[in-house]
Structures are given as C-alpha cells and as structure tokens.
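>>> Quick one, fold the following:
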Amino acid sequence: MNSTSKGWNNIFSGEPPKKGSGFHGEPTMDPAFTPALPDEKVIREIKYFVLFSMLKKLMEQGKITAEYCQQANVAIAEKYGVSEFSI
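Presented below is the predicted three-dimensional model:
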C-alpha cells in the first residue's frame, strides 16, 4: 500500500489525523481577508433600476400617467445621482 492510500484509509477509519498528514487540520484563512463590497455607485444604480421598473409597470397598468411617471423618474434619478432611463 502506498502512502496516499494509507492516508485515505486513515481519513475513513475515524482516527484523528497524524500531525503533518496533509489530509486534515484546521482550515486557515488570511485574517486580513475582507470580502469585496459593491461600490456605493453600483448600489445606487440598483436601487434606481428597481424603482424605475416599478414606475414603468405602474404606468403600463394604467395606474399612473406617463407624465407623472416621467416626473417621478427624473426625481428618483436625481436623488440617487444616476443617469435616468427613458420611459
């Protein structure tokens, strides 16, 4: 039996791993690792898009007028500091 198969046998036997076996041990993580968060601009774009989509749907359903939809679209784009989509 080669050393690799002995290692696998130890894994499935329920025995604790031998020090330096390379098969088990405490997972290591870089303590300085920080997951990347989206840029604030991206978050504002997403928020605007969600509201724009809702406005457009309300207009298509006839619940708000096209004029009101356009006014609200401009105001929301200005609030979030993004370029507005055309309706």
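>>> ok, Y68 to E60 distance?
Counting by C-beta to C-beta, to the nearest Å, the separation of Y68 from E60 is 13 Å. Just so you know, the C-beta spots here come from the backbone N, C-alpha and C atoms, and that holds for glycine as well.
>>> Likewise for V74?
Distance from V74 to E60, counting by C-beta to C-beta: 18 Å.
>>> what do you get for I87?
To E60, I87 is 10 Å away according to C-beta to C-beta.
>>> With A66 instead?
Look at A66 and E60: by C-beta to C-beta, they are 10 Å apart.
>>> quick one: K56 and I87 touch, right?
Yes. Applying C-beta atoms under 8 Å, one finds K56 in contact with I87, separated by 6.0 Å.
>>> Now the common contact residues for these two.
Overlap of the contact sets of K56 and I87 (by C-beta atoms under 8 Å, 6 or more residues apart in numbering) consists of C69.
>>> need the longest helix for this structure.
Longest helix of the chain, by residue count under DSSP state H: helix 40-60.
>>> what packs against the next helix or strand along the chain from that helix?
In the C-terminal direction, the helix or strand that comes right after helix 40-60 (DSSP states H and E) is helix 66-80. Where contact means 3 or more C-beta pairs under 8 Å, 6 or more residues apart in numbering; DSSP states H and E, helix 66-80 is packed against helix 40-60.
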